[in-house]
Structure formats: C-alpha cells, structure tokens
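# coords please:
(one chain, ligands or ions: 1)
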Amino acid sequence: MVFEHPKVKELLDKTRVLWALHHAESVLSWDSETYMPRKGVADRSLAMAELAALQQKLLLRDDVVKLVDDLSNNNDLNDYEKGVVRVLSRSIRIMKALPPELVMEMAKTTEEARPYWREAKVKNKFEVFEPYLDKIIELSRKAAEYIGYDEHPYDAALDYYEEGLRKRSVEDMFNYIEPRIRRILDKILSNGLYPSTHELEDVKYDVSAMEKVNKEVLQRLGYPFDRGRLDVSAHPFTIGIGLDDVRITTRYEGKDFKRTLYGTIHEFGHALYDLQIDKSFRMTPIARGASLGIHESQSRFWENIIGRSKPFTEAIYPLLSSHLSFISRYSPEDIYMYVNTVKPSLIRVEADEVTYNLHILLRFKLEVRMMEGDYRARDVAEAWNEEMEELLGVRPKTYSEGVLQDIHWSMGSIGYFPTYTIGNLVSAQIYHNIKKDIPNFHDLINELDFEEVRNYLREKIHKWGATYPPEELLKKSFGEPLNPKYFIDYLEEKYLS
Ligand code: MG
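Sure, this is the predicted structure:
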C-alpha cells in the first residue's frame, strides 16, 4: 500500500473534497476554453472565483492545518506520504501568507487587465495596458513580501511556480547557456546548413485533412483516445481532469502546418505525463506533475527531441503525404529542414529551439527588475526593445510584436517564464540519459515504435507524480540535478555535426 500511516489516511480523507473541487474546476476551465458560448464568461468567472475562495477556506481549516503541521515533523512517513504532506504544507504556507484582500485584488486586477492587454496588443497601444501592468507589478511585489524570501523578492515569485527555484540558480543557468547558444547560433547562421525560412510556411492546408494528420500522429505516439480528447482552442493546452481523462487542444491557422502539428505533439507530451502517474495516487495531492518545469520538459521532449528529429520526420512522411496533397512536391529532407528553420526573431512562441531560451532570458532580466523596486511598466516597455536588440539582434517596430506579445503578465504570472527554459534543459538531460539506456532510441523513433520510450519516461518521471520536488526527482532518476550542459551538447550534436 502506498498510503499506510493512519494520520496521512485521515488527512487524505479530509482533503478529498479539494480534489473533487479541483476536478470540477478543471472541467469548467476546459469548457471555458473550448465550447462555452462567448457570453457565458460573466457567470463562469464568478463561479470560478467562488470555487477558488471555497478551496482556500477548506484548505485552511483548523483540523487540516493541524494535521499537516503534526505530520511535517513525522519521520515515520514513506516517500509518498511525505510528498502529500509537502505539497499540502506548501499550499497552506502560501495561502496563509497572502491576505485575502490581496488575493482578491490580484484576481480582480488580472481579470480586468486581460481584455485591456488584448486591446492594447490588437491596437498596438501600450498605454492601454500600462496602468494594469503597473498595478500587477505592485501587487506582485507586495505578494513577495508577504510570502517571504531569503535573498531576493524575485525568489518568492519563482518559487511560486517552480518549487525550490531561486534567482541565483536561474542566473547561473543563463550565464552558462547564453554565450554557448550565441556561439552555436553564429555558426549555424554563417555556415547556412539550416535555412532561416522555408516556402512551406506559406502553403495552405485543408483543416479537415490536417485534423486527420494530428489524430493519426497522436495515435502513433500512443495517445489513448478513450482516456482523452483532441479539441480546438485559441491557445493550445492540456488539462488533466482525472488520471484517465487528460484532454488536449490544438488550433488550425490554415497555413504553415508545422504549427498545429508540433503544437499537438507538444501537448501530447504534457498529457502523457498525467496519463502515466501512478494510479494509486488517484484523488490525492500528489496526482500531478512535479513542477511546471518538469512538465514542460515532457512536452519539449516529444515536440523537439523526438518530433523535430530526422528519424521522426522521415517516419511520418508517408502519413503526411497520404492526407496533405502538397507534401509530394517535397522530400523527407525538405520536411526536416522546414520544421528546423533557425532565425533570431521577435516572437517567442515562434522561436526555434536554438534561439528560444534567449527570449526567456530577456523576460527573466525584466522580471528581476520589476520585482526589485522602482521599475515601472513604462521602463519595461523601453527596456524590452533594447534587450531584444542586444540578445537577438532584432528590434520590434511595434509594442504588439514586443512587450505586448505574451499573455502571462496580464494574468499576474511574473516568475513563470523561467520554467520554460528549465523544461528545455531537462528535456536534453533526458535525451542524454535515454540514449545511454535505450541504445536503439533513434531506430525506435524511425519505426514510430514508442512503447519503450513511454515506459522509460513513466519509470523515470511520470509515475512519481509530485512525490518529490523537481530537483530531487532529477537526482533520483538521473543521478544529478539539472545540468545545462546537456542542452548545449544536444544543440551541437544536432546543428553543428
Ligand atoms: Mg507547454
């Protein structure tokens, strides 16, 4: 048995209602993003706010807090039980630290900010979003002070999204990868081996044909359609409603088919994680991923390391050409080049795997300054263009393709971006290990035979859920914490050899 300790069992009994609320909330969120009529949003956001408040109240019940406190100092617990106590005490610590008025104000501000952010982006008017960003920066700094931190207020923001993450370690990470990425990028651009654009980017596709491609690719990867669904939404996402109900979405722009295809593969990586969590964790606080960074490592592993590899593009070529008539004009080698163009560009979500992390570095630098003090929204907008030019050598002409491009800050998510880089680095660390442990890894990809790969990821990462914090999971599974060296090795192997 996984959970044996009587007090842990009691705690799980008492908190099962939180799981049920979360389950209900997940269905509501999924519905909001997919099928809800546009005007349903008013009632839905009120209902969601009520549910969030109820969750906070139930989590902070005296008997729950007392049980968690008692168990925090208990040395008789097994790893799973410790995981349950760790996850709950972390939520309690944060929920307790933040005054309800601040939580409400943040919720209200971000709820209001989002439509203004959207309008600002569409109209290219930063001043429309500016007062909201000022407010969000101010509230985030207040929240950091309430939550507390050892060295820097940004530490509190980071830890909120990635347990244990600190400004210092993110700096170390970027200090290591930035010069190396630049060197690799310079070589790629000067030797011309990888194109910066491809004519397939302008080729239109038939949406219903593309739907078939996505579904068939998902089937080959091993997505079980009796435990999930593929739907359409404005922003693709994965949502784990239950351990046997993990849904994904994609979007169809009508041209440049790699965007929907690789978006779908990305979400598959997220979904597989949740689908392979140990079933005995059902309805408990550890029935979820270890962290956002580890979750992103799974999506990037499937999207980039597998999906953008030569054996994969070669293997799916027949599938592509059976549904998309224009594919026959191109060779498998063309498809490989098309999905691997490299170019310093303005937009993060369209960035290739070489330049992507420089986009995160830019956001990291700005967020540190936001959390530090007198940095205001206006300063962020100005610094954006300077940093962009310095880091990527391109300068946005509009706010829309600069500081307004991402939704995150309008949602109050300061400290979230670095988890994307962690995901990229961890995916390469997994690649380093899987090549050693499964020597015919590339052959399996070429045969589209993923059972062994799925099992490997299940044993190393997925089945543990949130039993261990991210760094501990990496040490346990791969013998060392996050090591950025493997990402550089991966880029060199792929782009320079
Ligand atoms: Mg993702």
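
# in the protein, which helix is the longest?
In the chain, taking DSSP state H as the definition, the longest helix is helix 6-34.

# flag every buried residue along that helix.
7-8, 11-12, 15, 18-19, 21-22, 25-26, 29-30, 33-34 (16 or more other C-beta atoms under 10 Å). Where C-beta positions appear, they are placed from N, C-alpha and C, glycine not excepted.

# same check, this time on stretch 206-219
210-211, 213-214, 217-218.

# okay if I get those as JSON lines plus pLDDT, distance to residue 132 and secondary structure?
Rendered in JSON lines, the data for those read as follows (pLDDT from 0 to 100; distance: C-beta to C-beta, whole Å; DSSP: H, G, I helix; E, B strand; the rest coil):
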{"residue": "210", "pLDDT": "98", "distance to residue 132": "36", "secondary structure": "helix"}
{"residue": "211", "pLDDT": "98", "distance to residue 132": "37", "secondary structure": "helix"}
{"residue": "213", "pLDDT": "98", "distance to residue 132": "40", "secondary structure": "helix"}
{"residue": "214", "pLDDT": "98", "distance to residue 132": "36", "secondary structure": "helix"}
{"residue": "217", "pLDDT": "98", "distance to residue 132": "39", "secondary structure": "helix"}
{"residue": "218", "pLDDT": "98", "distance to residue 132": "38", "secondary structure": "helix"}
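
# farthest pair in those residues?
210 and 218 (12.6 Å; C-beta to C-beta).

# and the pLDDT for residue 341?
Residue 341 carries a pLDDT value of 96.

# for it, phi and psi?
Here is the backbone geometry of residue 341 (degrees, to the nearest 10): phi -70, psi 150.

# same deal with residue 251?
Dihedral angles (degrees, to the nearest 10) for residue 251: phi -140, psi 160.

# one more: residue 461?
Dihedral angles for residue 461 - degrees, to the nearest 10 - are phi -130, psi -60.

# tally of neighbours for it?
By other C-beta atoms under 10 Å, the residues close to residue 461 number 26.

# ok so, going back, what is the nearest of the buried residues of stretch 206-219 to residue 370?
residue 214 (37.8 Å).

# so what's that closest one closest to, chain neighbours aside?
residue 264 (4.6 Å; C-beta to C-beta, 6 or more residues apart in numbering).

# could you dump the helix or strand where that neighbour lies to PDB, C-alpha only?
Per DSSP states H and E, residue 264 falls inside helix 258-275. Output of helix 258-275 as PDB, limited to C-alpha atoms (Å, rounded to 0.1, in the frame of the first residue of the first chain):
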ATOM      1  CA  LYS A 258       4.100  22.500 -38.600                       C
ATOM      2  CA  ARG A 259       2.500  24.900 -36.200                       C
ATOM      3  CA  THR A 260      -0.600  22.800 -35.500                       C
ATOM      4  CA  LEU A 261       1.300  19.500 -35.800                       C
ATOM      5  CA  TYR A 262       4.100  20.400 -33.400                       C
ATOM      6  CA  GLY A 263       1.600  22.200 -31.100                       C
ATOM      7  CA  THR A 264      -0.300  18.900 -30.900                       C
ATOM      8  CA  ILE A 265       2.800  16.900 -30.300                       C
ATOM      9  CA  HIS A 266       3.800  19.300 -27.500                       C
ATOM     10  CA  GLU A 267       0.500  18.900 -25.800                       C
ATOM     11  CA  PHE A 268       0.800  15.100 -26.100                       C
ATOM     12  CA  GLY A 269       4.000  15.300 -24.100                       C
ATOM     13  CA  HIS A 270       2.200  17.100 -21.300                       C
ATOM     14  CA  ALA A 271      -0.800  14.700 -21.500                       C
ATOM     15  CA  LEU A 272       1.400  11.500 -21.400                       C
ATOM     16  CA  TYR A 273       2.900  12.800 -18.100                       C
ATOM     17  CA  ASP A 274      -0.500  12.900 -16.400                       C
ATOM     18  CA  LEU A 275      -1.700   9.700 -18.000                       C
END
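
# residue 367 and residue 383, how far apart?
Distance, residue 367 to residue 383, by C-beta to C-beta, to the nearest Å: 11 Å.

# which one's more surrounded, these two?
residue 367 (27 against 16).

# need the contact list for the residue nearest to the more buried one when sequence neighbours are not counted.
Among residues not flanking residue 367 along the chain, residue 414 sits closest, at 5.3 Å (C-beta to C-beta, 6+ apart). Contacts for residue 414 were tallied using C-beta atoms under 8 Å, 6 or more residues apart in numbering; they are 136-137, 140, 157, 367, 370-371, 408.

# residue 414 in helix, strand or coil?
Here residue 414 is coil, with the state taken from DSSP: H, G, I helix; E, B strand; the rest coil.

# mind checking pLDDT for it?
With respect to pLDDT, residue 414 has a value of 97.

# need the phi and psi values for it.
The phi/psi pair for residue 414 (degrees, to the nearest 10) is phi -90, psi 120.

# circling back: neighbours of the residue nearest to residue 214, how many?
27.

# which residues of the stretch 201-350 of the chain fall in strands?
Taking DSSP state E, counting those that start in this stretch, the strands of the stretch 201-350 of the chain run over residues 230-232, 238-242, 245-250.

# need the winner for burial among the ones you listed.
strand 245-250 (a mean of 22; mean count of other C-beta atoms under 10 Å).

# got the angle between that strand and helix 6-34?
Orientation check (axes from the mean of the first three to the mean of the last three C-alpha atoms, to 10 degrees): strand 245-250 against helix 6-34 gives 30 degrees.

# okay, residue 72 and residue 14: tell me how far apart.
16 Å.

# no wait, residue 129
According to C-beta to C-beta, residue 129 stands 42 Å off from residue 14.

# with residue 334 instead?
Noted for residue 334: a distance of 59 Å to residue 14, by C-beta to C-beta.

# what of residue 71?
For residue 71, the distance to residue 14 - C-beta to C-beta - is 12 Å.

# so for stretch 91-100, mean pLDDT?
pLDDT averaged over stretch 91-100 gives 92.

# and that stretch, what's buried?
Neighbour-count burial for stretch 91-100 flags 91-92, 95, 98 (criterion: 16+ other C-beta under 10 Å).

# kindly report the same for stretch 160-171.
By 16+ other C-beta under 10 Å, the buried positions in stretch 160-171 come out as 160-163, 165-167, 169-170.

# mind checking which of those residues land in helices?
Short answer: the buried residues of stretch 160-171 in helices (DSSP H) are 160-161, 167, 169-170.

# quick one: those residues as a markdown table, columns for pLDDT and distance to residue 39 too.
As requested, these are arranged in a markdown table below (pLDDT from 0 to 100; distance: C-beta to C-beta, whole Å):
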| residue | pLDDT | distance to residue 39 |
| --- | --- | --- |
| 160 | 94 | 33 |
| 161 | 95 | 32 |
| 167 | 98 | 42 |
| 169 | 97 | 45 |
| 170 | 98 | 41 |
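
# how about the residues you listed, which pair is most distant?
160 and 169 (15.2 Å).
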